[in-house]
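Novice: the sequence and its predicted three-dimensional model are supplied below.
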Amino acid sequence: MLTLINHLFLFITKPIFGVAGRFGVNTKELERFLKFMVVGTIGFVVDFGILNMLMLNFQARQVDLGMWKLFGVVLLNGTLTFSNTISFSSAVISNFTWNYLWTYPESRSKPLVKQGGQFFLVNLMGLGINLAVLNALNPLCTRVFGLLGYNAAKAIATIVVLFWNFFVNRYWTYSDVE
């Protein structure tokens, strides 16, 4: 299965690598970044799919896990925070599996427990960043976009965490990769 995915990926990206190589771009790092983006897209679908499934289910059942406020300012929307934590964690499991098997296959020289632990810590901090951005932007996005405004806040949070995850994972979790 991975061989088929690799062939398809290389068929699609070969022209990009040819042009990038002419400009002195490290094509191996470009390939890793593009693979990371494909894996991230899969994670995005998992994350947003589960988030919306949970949120819409809570809304349909009229379940509200409350608001956590400080001096009248909403710090956390309980329902959104819970749903986002479940969806984000599901995407992390998907992303780790795909990155381990496909994006960084040569990283398997490092013990899986150590690598998985590092990936977990990076993504735990990523979850914190994601929740902070999501909860900070949700009130504004909900006012602008209505009931599903949390998706706009989530999209912005996802973009912020994308760069955090790539660079910290690349230079810490997968530091053994040349």
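Specialist: Done, it's in. Residues are numbered from 1 along each chain as shown.
Novice: what about Ser87, neighbour count?
Specialist: Per other Cβ atoms under 10 Å, the neighbour tally for Ser87 reads 23. The way it works is simple: take the backbone N, C-alpha and C, and place the C-beta from them, glycine included.
Novice: now do the helices in this protein.
Specialist: Listed in chain order, the helices of the chain (DSSP state H) span 2-22, 27-60, 78-98, 112-145, 150-168.
Novice: closest to Glu178 out of those helices?
Specialist: Of all the helices of the chain, helix 27-60 sits nearest to Glu178, with 8.0 Å by Cβ to Cβ.
Novice: and the angle for that closest one with helix 112-145?
Specialist: Helix 27-60 and helix 112-145 are oriented at 60 degrees to each other (axes from the mean of the first three to the mean of the last three Cα atoms, to 10 degrees).
Novice: so who does the residue lying closest to Arg32 once chain neighbours are set aside touch?
Specialist: Spatially, and ignoring its direct neighbours in sequence, Arg32 is nearest to Thr103 (6.0 Å; Cβ to Cβ, 6 or more residues apart in numbering). By Cβ atoms under 8 Å, 6 or more residues apart in numbering, the residues touching Thr103 are 32, 35-36, 39.
Novice: nearest to Gln118 among the residues you listed?
Specialist: Among these, Phe36 lies closest to Gln118 (Cβ to Cβ), at 15.6 Å.
Novice: what residues are up against that closest one?
Specialist: Applying Cβ under 8 Å, 6+ apart to Phe36 gives the contacts 99, 103, 166.
Novice: okay, it: pLDDT?
Specialist: pLDDT, Phe36: 84.
Novice: check Val144 too.
Specialist: With respect to pLDDT, Val144 scores 95.
Novice: per-residue pLDDT, the nearest residue to it once chain neighbours are set aside?
Specialist: Closest residue to Val144 apart from its sequence neighbours, by Cβ to Cβ, 6+ apart: Ala152 at 7.4 Å. On the pLDDT scale, Ala152 is placed at 96.
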